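1. only the shape, not the letters, is given here:
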């Protein structure tokens, strides 16, 4: 075959090559590309017409050279007519081999034409996809392959974009279908076209049931504020806020909603999309957090005033006691007795307040909660009165907890008293104790586990409570009772004790349908015997020995010193820890016991004790405190150390002194 690159041709026509075509290297494949019988071209004027026809036309010979190519062909490849005249079909189709061309050119069939997709190469080496429609023609005794080429670049790009868009759409749909937020798509008029599974789960309505319905008629129809803005939303204004909705079962719930308009390419409003998130549990946790913060604030206030208040009670109690002992003026005994009772009530009130700040005298031991509750049955029956029917449904299965027995007893008693007060005309009070099951537990955020949590419920048939009352039920000093009937600390104390024990409490109530309080407490696997921690009840006699009293409040200092002097001690009194440490550091003073206030200016009692211990000076010590017990717990377990909570009696003080002196001897 002659080298086609060395032949001179015109842009319109090139003379035929006389060389024979390359032999077929293989027969055409069965069912392969079909060719028609040659079509006769009448004259060369036909080619002149094609030169101005849009598109790329090629007339190729058996050897791959071109007999003719129109302007659309060579210009689309970046050639001039002269440059293209030196090209063959193998130059513009990099995928075509000469042997394959010979096979295809020689194959005969009755089909009209052949359609092939391949690639063409431009002069600059770049390639692009094409679709070729080819047939055989005959001109002046020579058979030619005529093909019309269509550039597929734009269509391939469009197809790629379509496929990519389809992939993105599938992923987007999968994301919406699997999203935890509810998604609603409506038309421009607000009629539902699509809802995702999260919407079905949240609302309780199936997609088939809501499709075609007005969204405003569905779960959002409970929020009047949102409905008032619906005309603007449907007009394309959008919406973002919190609304009150209703599930299919009638239950109301809160959700955050964001509604956005959907517009087409021309900016025309064609629909709306709403994304909604159920925030019911979130609001419950937020409410619990706010309540806990309120309780903490009150606890901090209680801790701040408890020290000074207990000092006042100590003075009142001490002076009344001394007056009672030295009653030479014939003061009525009932008056002194009333003073003592008032001090006791005030002291109890302070201890309840201290429960909020967790600075009260709290010692935790391992105990059986079922036995603790059962032991209260008789007392509660007498306390409630005959007009209350007490139903007692408590498991006999051992339930072990770690806690403070007096405080847990207070929880049971306060709940039962609160239930009694809700039934002034009588009713039924039911106390249940069991292990909590999977469906009983409160929010998972509480960290309680089924089978590892006890459930104590107290149910009454009283007047019940509104939602507003329930929202404030555990707030300190909040009460619905008549003035003088309650302090508003009963349930607040219960809440603080339960929280301090790592538990949770909730209430379920409706007006005129009674109330149920549920207490959840973590259990432990086994209970160890509770450690007995008492004080030596034997009262000590001073016998002229020296005792030190360190107390910043002068009146309390005088009362404490008076107690010790009545017992036969000689007393050294100081007003702060620095003076106390100075006296205690000198053995010449002969101090046998020290009564140290835990909180004093310049230096507290515990700091004095630690400083003396570091220097090897060991003296029996009784710490007195208005609230800061927990910081003294470790120190209190040392030999020769005791703790007294203000206000204390003369016997309590002398009992502790006897206890620490005996410890020091042993």
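-> Everything's here; your move. In this text, all values refer to a predicted model and were calculated from it rather than measured experimentally. Numbering: from 1, shown residues only.
2. list the contacts of stretch 266-285.
-> Stretch 266-285 has contacts (Cβ atoms under 8 Å, 6 or more residues apart in numbering) with 180-188, 190, 193, 199, 202, 215, 233-236, 242, 245, 253-264, 443, 445. Using the backbone N, CA and C atoms, a C-beta is placed for each residue, glycine as well.
3. all the helices of the stretch 301-450 of the chain, in order from the start?
-> 333-357, 369-375, 377-384, 405-421 (DSSP state H, counting those that start in this stretch).
4. against residue 412, how distant is residue 344?
-> 22 Å (Cβ to Cβ, to the nearest Å).
5. okay, the two: which has more neighbours?
-> residue 412 (23 against 13; other Cβ atoms under 10 Å).
6. quick check on the residue lying closest to the more buried one once chain neighbours are set aside: phi, psi?
-> Spatial nearest neighbour of residue 412, excluding adjacent residues (Cβ to Cβ, 6 or more residues apart in numbering): residue 376 at 5.6 Å. The phi/psi pair for residue 376 (degrees, to the nearest 10) reads phi -90, psi -10.
7. ok, back up a step: turn the helices of the stretch 301-450 of the chain into JSON lines, including mean pLDDT and distance to residue 160.
-> Conversion of those to JSON lines gives the following (pLDDT from 0 to 100; distance: least, Cβ to Cβ, whole Å):
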{"stretch": "helix 333-357", "mean pLDDT": "69", "distance to residue 160": "68"}
{"stretch": "helix 369-375", "mean pLDDT": "88", "distance to residue 160": "70"}
{"stretch": "helix 377-384", "mean pLDDT": "82", "distance to residue 160": "80"}
{"stretch": "helix 405-421", "mean pLDDT": "87", "distance to residue 160": "70"}
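8. any idea which of the ones you listed gets closest to residue 103?
-> Closest to residue 103 of the helices of the stretch 301-450 of the chain is helix 369-375 (Cβ to Cβ; 94.1 Å).
9. re the thing from before, restricted to strands, list the contacts of stretch 266-285.
-> Using DSSP state E, the subset of the contacts of stretch 266-285 located in strands is 182-187, 193, 242, 245, 253-263.
10. thinking again about what came up before, can you tell me how far the residue nearest to residue 412 sits from residue 509?
-> Taking Cβ to Cβ, one finds residue 376 at 23 Å from residue 509.
11. these two: who's more crowded?
-> Set side by side, residue 376 and residue 509 show more neighbours around residue 509, with 21 against 17, by other Cβ under 10 Å.
12. do you know the pLDDT at the nearest residue to residue 84 once chain neighbours are set aside?
-> Nearest non-adjacent residue to residue 84, counting by Cβ to Cβ, 6+ apart: residue 74, 3.8 Å away. Among the per-residue scores, residue 74 holds a pLDDT of 91.
13. how about residue 660?
-> Value listed for residue 660 in the pLDDT field: 89.
14. now do the same end-to-end measure for stretch 391-401.
-> Taking Cα to Cα, to the nearest Å as the measure, stretch 391-401 stretches 24 Å from start to finish.
15. what lies in contact with it?
-> Stretch 391-401 is contacted by residues 366-370, 373-374, 377, 408, 428-435, 454, 501, 521-527 when judged by Cβ under 8 Å, 6+ apart.
16. in that stretch, which residues are buried?
-> For stretch 391-401, the neighbour count (16 or more other Cβ atoms under 10 Å) marks 394, 399-401 as buried.
17. quick one on the thing from earlier: looking at the helices of the stretch 301-450 of the chain, which one is packed in the most?
-> Across the helices of the stretch 301-450 of the chain, averaging neighbours per residue (mean count of other Cβ atoms under 10 Å) puts helix 405-421 on top, at a mean of 20.
18. now for that one, which elements pack on it?
-> Under the contact definition 3 or more Cβ pairs under 8 Å, 6 or more residues apart in numbering; DSSP states H and E, helix 405-421 sits against strand 365-368, helix 369-375, helix 377-384, strand 427-435, strand 453-460, helix 490-500, strand 515-522.
19. list the helices and strands the second one packs on?
-> Right, the one you point to is helix 369-375. Against helix 369-375 (3+ Cβ pairs under 8 Å, 6+ apart) you get strand 388-394, strand 400-403, helix 405-421, strand 427-435, strand 453-460.
20. who's in contact with it?
-> With contact meaning Cβ under 8 Å, 6+ apart, helix 369-375 is reached by 394-401, 403, 405, 408-409, 412, 431, 433, 454, 456, 521, 523.
21. can you tell me the SS state at residue 661?
-> What DSSP: H, G, I helix; E, B strand; the rest coil gives for residue 661 is helix.
22. to clarify, my last question referred to residue 464.
-> The local conformation at residue 464, judged by three-state DSSP, is coil.
23. who are the contact partners of it?
-> Contacts of residue 464 by Cβ under 8 Å, 6+ apart are 422, 509-515.
24. reformat the helices of the stretch 301-450 of the chain as CSV; add distance to residue 588.
-> Formatted as CSV, the helices of the stretch 301-450 of the chain follow (distance: least, Cβ to Cβ, whole Å):
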stretch, distance to residue 588
helix 333-357, 39
helix 369-375, 52
helix 377-384, 55
helix 405-421, 44
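25. and residue 84, which of these is closest to it?
-> Closest to residue 84 of these, according to Cβ to Cβ: helix 333-357, at 96.3 Å.
26. let me see the contact set for residue 577.
-> Neighbouring residues of residue 577 by Cβ under 8 Å, 6+ apart: 550, 596, 600-605, 607-608.
27. look at it and report its pLDDT.
-> pLDDT, residue 577: 90.
28. number of nearby residues for the closest residue to it other than its chain neighbours?
-> Excluding the flanking residues, the one nearest residue 577 by Cβ to Cβ, 6+ apart is residue 603, at 3.0 Å. Per other Cβ under 10 Å, the neighbour tally for residue 603 reads 17.
29. next, work out how far apart residue 603 and residue 609 are.
-> 10 Å.
30. residue 368 now?
-> To residue 609, residue 368 is 36 Å away according to Cβ to Cβ.
31. residues contacting residue 449?
-> 441, 522.
32. for residue 441, see how far away it is.
-> Note on residue 449: its distance to residue 441, by Cβ to Cβ, is 8 Å.
33. now do the same for residue 131: its pLDDT.
-> We have a pLDDT of 91 for residue 131.
34. can you give me the neighbour number for it?
-> Neighbours of residue 131 under the rule other Cβ under 10 Å: 14.
35. partner residues bridging residue 516?
-> Residues in a beta bridge with residue 516, per DSSP bridges, are residue 459, residue 508.
36. likewise residue 274?
-> For residue 274, the beta-bridge partners under DSSP bridges are residue 184, residue 259.
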